[in-house]
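**Q** Can you look at this prediction? I've put the sequence above it.
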Amino acid sequence: MSLDAVLAHIDADLPAATERLLELLRIKSISTDPAFKEDCQQAADWLVADLQSLGIDAQKRETTGHPMVVGHVGPENGKPHLLFYGHYDVQPVDPLNLWDRDPFDPAIEQTDAGAVIRGRGAADDKGQLMTFVEAFRAWKAVHGDWPCRITFFFEGEEESGSPSLVPFMEEHKDELRADFAMICDTGMFQSRTPAITTMLRGLLGEELTITAPSKDLHSGMFGGIAMNPIRVLSRIIASLHDDQGRITIPGFYDGVPDLSDELEAQWQGLAFDHAGFLRDVGLSHPAGEQDRTPLEMIWSRPTCEVNGIGGGYQGDGFKTVLPSKATAKISFRLVGDQDPLVIRENFRTMVEDMLPPDCTAEWLGHGASRASATPTDDPAFAKSLKALSEEWQTPAAYIGCGGSIPIAGHFDQILGTTPVLIGFGKDDDQIHSPNEKYDMESFHKGIRSWARILDAIT
């Protein structure tokens, strides 16, 4: 019955919890812009004070960038040590003219789908972060104590590449190490199915510049006899996929696993509406490996995508130039045990081998991170899945994510801590975009979900 008391307290305290979130949302904690450095400090201070108000030993820890917030509470009682991770920094708000209200003047708005919290950071990640803070607030109010050893770990640079994160984790391994790292920066499947994300793709970025002539040339005087770097680059890009959508880089699929029969069956049971998913962005046909399902294409298969191309005259009108240089930005989403550094080497070798005479290639790498996959054999996963199903009255699922959340891999590789990714974002939350929102349902039931999970696994 104690869980019922905690859930009832959450329901009664929802107006106050919402006001606390709105207060945090008013802080302009944009990490990537130095003009908001003091705002990031203010957000960290706010979280420290809020955790301390619950009797948690919380501190602001300075870094070379924005500060970390670390808090510890609860007994070492043989139950799992839980670490809760979130980030208090937010994306810039540009373009400001596309917002319907001041992004840092958050408010509750009524929509056809129900009430939403509108403001920058509402879904990414302040609203999500506060779901488990509020769950602990209710737990403490009802029980007067804590269920297990708990660590809170909030960073302020997630939206700007987390430059201080790995050094901080390396320096404080012993303090931060836990059994499970609960990460609240994910969402529900198709906005309706509660989920635990167990697969995240890695990311490799490459910027390639092909140079042929030493300067731009007149295409009438030199066209036909001089090598055009755009022609070379186009041939390279066209060669990266075969007619069935497979990537042709040598050794690219080394370390790519097939789905287990159990997970494949569960994904099929989700009845993913890939036609609607594509239709919403003006498309109709899955363009990946043609022998794979749409969910495999975006969750468990690697990709090679051209994110930008430049070269020659691109202004208004027309200029008959034969350019000296052509560039492309190419990213790879990685899965399983693919090694980004090996893929980088193989990709560059492939390109170099394709260069005709008089052409050179210059390279600029833009990060390289491995994929992250979490085994779900620990009983805590099944218990958490059951707790989510009970709260949302919908069978919860293990899902993949096409994006990359490096923190999950950092917890595993640096601390030996198992990441558990549970979030309540919805597809239309417009994170990183104007008019970001977080459903009141997600906030309310998210708090209740964490209370159920705590009760189940402790």
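**A** Nice, I can see it.

**Q** pLDDT below threshold where in the stretch 351-458 of the chain?
**A** Low-confidence segments of the stretch 351-458 of the chain, defined by pLDDT under 70, are absent.

**Q** Residue ranges of each domain in the chain, please.
**A** Structurally, the chain divides into domains by automatic domain parsing as follows: 2-200+371-457, 203-258+286-369.

**Q** deepest of the ones you listed, which one?
**A** Mean neighbour counts were taken over those using mean count of other C-beta atoms under 10 Å, and the top value, a mean of 19, falls to domain 2-200+371-457. All C-beta atoms are positioned from the backbone trio N, CA, C, and that covers glycine.

**Q** Between the two ends of it, how far is it?
**A** Across domain 2-200+371-457, the straight-line distance between its terminal residues is 15 Å, by C-alpha to C-alpha, to the nearest Å.

**Q** For Gly288, see how far away Ile407 is.
**A** Per C-beta to C-beta, to the nearest Å, Ile407 is found 27 Å from Gly288.

**Q** can you give me the strands in the stretch 301-450 of the chain?
**A** Along the stretch 301-450 of the chain, counting by DSSP state E, counting those that start in this stretch, strands occupy 303-311, 321-322, 325-334, 360-369, 372-373, 397-401, 418-422, 437-439.

**Q** how about the ones you listed in TSV, adding distance to Met350?
**A** Rendered in TSV, the data for the strands of the stretch 301-450 of the chain read as follows (distance: least, C-beta to C-beta, whole Å):
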stretch	distance to Met350
strand 303-311	11
strand 321-322	25
strand 325-334	12
strand 360-369	11
strand 372-373	26
strand 397-401	28
strand 418-422	33
strand 437-439	44
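
**Q** Tell me which of those sits nearest to Gln110.
**A** strand 437-439 (11.6 Å; C-beta to C-beta).

**Q** circling back to that earlier point, which one of the strands of the stretch 301-450 of the chain lies closest to Phe132?
**A** With C-beta to C-beta as the criterion, Phe132 lies closest to strand 418-422 of those, at 9.2 Å.

**Q** Show me what the closest one is packed against.
**A** In this structure, strand 418-422 makes packing contacts with strand 180-183, strand 195-200, helix 379-392, helix 406-410, judged by 3 or more C-beta pairs under 8 Å, 6 or more residues apart in numbering; DSSP states H and E.

**Q** measure the residue nearest in space to the middle of the chain to Gln290 for me?
**A** Computing the C-alpha centroid of the chain and ranking residues by C-alpha atoms, centre = their mean puts Ile405 first, at 4.2 Å. According to C-beta to C-beta, Ile405 stands 28 Å off from Gln290.

**Q** just to revisit the earlier point, reformat the helices and strands packed on strand 418-422 as CSV; add distance to His72.
**A** Below are the helices and strands packed on strand 418-422 laid out as CSV (distance: least, C-beta to C-beta, whole Å):
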stretch, distance to His72
strand 180-183, 14
strand 195-200, 25
helix 379-392, 20
helix 406-410, 19
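
**Q** Glu352 is nearest to which of the ones you listed?
**A** Taking C-beta to C-beta as the measure, those were each checked against Glu352, and helix 406-410 came out nearest at 29.0 Å.

**Q** Okay, helices next: where are they in this structure?
**A** Defined through DSSP state H, the helices belonging to the chain, from first to last, are 2-25, 37-52, 126-143, 165-171, 173-176, 219-222, 229-238, 261-269, 274-279, 294-299, 340-354, 379-392, 406-410, 440-457.

**Q** Contacts only, for the residue nearest to the centre of the chain.
**A** 183, 185-186, 200, 372, 421 (C-beta atoms under 8 Å, 6 or more residues apart in numbering).

**Q** just Ile27 next, same as before
**A** Residues touching Ile27, when contacts are defined by C-beta under 8 Å, 6+ apart, comprise 39, 42-43, 46, 104.

**Q** Then Gln42?
**A** Taking C-beta under 8 Å, 6+ apart as the contact definition, Gln42 lies against 27, 29.

**Q** Distance-wise, check it relative to Phe132.
**A** Relative to Phe132, Gln42 is positioned 21 Å away (criterion: C-beta to C-beta).

**Q** same question, Gln52
**A** In this view, Gln52 and Phe132 are 17 Å apart by C-beta to C-beta.

**Q** go on, Asp280?
**A** In this structure, Asp280 lies at 31 Å from Phe132, with C-beta to C-beta as the measure.

**Q** What of Leu83?
**A** From Leu83 over to Phe132 the distance is 11 Å, taken as C-beta to C-beta.

**Q** Now do the shared contacts for those two.
**A** With contacts taken as C-beta under 8 Å, 6+ apart, Leu83 and Phe132 have Met182 as neighbours in common.
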